[in-house]
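*Asks:* pasting the structure only:
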């Protein structure tokens, strides 16, 4: 199993934790969308965070969507994930190039700028749960940490990272989410804060060859950590020619008739995976018959 998430608990249930390695998933996204290095880092971080947040859901059909919209040059990001480790997403402007930030790192915060983070959980209720917070840094991990505390009242620590090779392919990607459960003791909280302060970056741990299990063991090893389960992660889009056809039917007869009169095969692109679907004049005529 290349990319995967582990779910764990520690300190007799006072802490729950998730950790993931997502290099192949993020590289798939980079290749599909031809993202610049800073866009790869931004999208890769959100894909990783969303995959772990998706793993928090329980239902087979539950769906998580995270949108980030900012005034920076990348415009924003949209990612969806389910409870089975499937994740997909895109950057509004994947071609954005920026110089490194003051720390010499990819300037994800500068790419996103000032804006908002929206989390939509569709868990089969009449209306989906929607939570929204401001971007506190645009670096995504800090923004999700703030979201958990402000919107879900769950003190958390989120670490996300993407490390690029010189040829701009993905070298490492992954992250972890630690959450303090109600009733946690001050001793446990203080001990975790001290341990987290010793971590320089998640990508440095991954680049040392540490697995998600070893990363959580490093952080939670003094608190009787128990790994509960493991699931694969992959970039997976459920778009299809059939779904494209349904979408075209939904635009209505007038729009379809106009496309037919233009006399050329049209091409419909999926935002999430950038797959191209050609639709011929004959196929459009067939869809026109079905449209109202």
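*Replies:* Structure received. Keep in mind the model is a prediction, meaning the values are calculated, not measured.

*Asks:* Can you list the residue ranges for helices in the stretch 101-250 of the chain?
*Replies:* Per DSSP state H, counting those that start in this stretch, the stretch 101-250 of the chain carries helices over the ranges 108-112, 141-152, 186-197, 202-207, 212-220, 241-250.

*Asks:* All the strands of the protein, residue numbers only.
*Replies:* Listed in chain order, the strands found in the chain under DSSP state E are 4-10, 15-21, 63-70, 76-82, 86-91, 115-122, 129-134, 156-164, 170-180, 226-232, 234-235, 266-269, 276-279.

*Asks:* Would you mark the buried spots in stretch 70-88?
*Replies:* 70, 72-88 (16 or more other Cβ atoms under 10 Å). All C-beta atoms are positioned from the backbone trio N, CA, C, and that covers glycine.

*Asks:* cool, and stretch 222-230?
*Replies:* 223, 225, 227.

*Asks:* Give me the contacts around it.
*Replies:* 1, 4-12, 14-15, 17, 188, 191-192, 195, 213, 216-217 (Cβ atoms under 8 Å, 6 or more residues apart in numbering).

*Asks:* for stretch 259-273, same thing?
*Replies:* Outside stretch 259-273, the residues that reach it (Cβ under 8 Å, 6+ apart) are 32, 78, 80, 88-90, 235, 237, 239, 244, 247-248, 275-281, 284-285, 288.

*Asks:* any idea of the pLDDT on the nearest residue in space to residue 142 that is not next to it in sequence?
*Replies:* Using Cβ to Cβ, 6 or more residues apart in numbering and skipping the chain neighbours, the partner closest in space to residue 142 is residue 136 (5.5 Å). pLDDT, residue 136: 95.

*Asks:* Pull up the gap between residue 136 and residue 68, please.
*Replies:* Residue 136 sits at a distance of 12 Å from residue 68 (criterion: Cβ to Cβ, to the nearest Å).

*Asks:* Of these two, which one has the most company?
*Replies:* residue 68 (25 against 15; other Cβ atoms under 10 Å).

*Asks:* Tell me who's in contact with the residue lying closest to the more buried one once chain neighbours are set aside.
*Replies:* Nearest non-adjacent residue to residue 68, counting by Cβ to Cβ, 6+ apart: residue 77, 4.7 Å away. Residue 77 is in contact with 42, 43, 46, 66, 67, 68, 89, 90, 91, 92, 112, counting by Cβ under 8 Å, 6+ apart.

*Asks:* What distance do you get for residue 77 to residue 174?
*Replies:* Residue 77 sits 18 Å away from residue 174, going by Cβ to Cβ.

*Asks:* Distance of the most centrally placed residue in the chain relative to residue 191?
*Replies:* Closest residue to the average C-alpha location of the chain: residue 47 at 2.1 Å, with Cα atoms, centre = their mean. As judged by Cβ to Cβ, residue 47 and residue 191 stand 31 Å apart.

*Asks:* now residue 69
*Replies:* 37 Å.

*Asks:* One more: residue 57?
*Replies:* Distance from residue 57 to residue 191, by Cβ to Cβ: 29 Å.

*Asks:* rewinding a little: beta-bridge partners for the residue nearest to residue 68, please?
*Replies:* residue 68, residue 91 (DSSP bridges).

*Asks:* And it, what's its pLDDT?
*Replies:* Taking residue 77 on its own, its pLDDT is 98.

*Asks:* mind giving me JSON lines with the contacts of residue 77 and columns for distance to residue 101?
*Replies:* Below are these laid out as JSON lines (distance: Cβ to Cβ, whole Å):
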{"residue": "42", "distance to residue 101": "13"}
{"residue": "43", "distance to residue 101": "17"}
{"residue": "46", "distance to residue 101": "18"}
{"residue": "66", "distance to residue 101": "23"}
{"residue": "67", "distance to residue 101": "23"}
{"residue": "68", "distance to residue 101": "18"}
{"residue": "89", "distance to residue 101": "23"}
{"residue": "90", "distance to residue 101": "23"}
{"residue": "91", "distance to residue 101": "18"}
{"residue": "92", "distance to residue 101": "20"}
{"residue": "112", "distance to residue 101": "12"}
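
*Asks:* Let's have the residues you listed in TSV, adding distance to residue 22 and pLDDT.
*Replies:* Shown next, in TSV, are these (distance: Cβ to Cβ, whole Å; pLDDT from 0 to 100):
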residue	distance to residue 22	pLDDT
42	14	98
43	11	98
46	11	98
66	15	98
67	19	98
68	18	98
89	12	97
90	16	97
91	16	97
92	21	97
112	19	97
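
*Asks:* With that, I have no additional questions.
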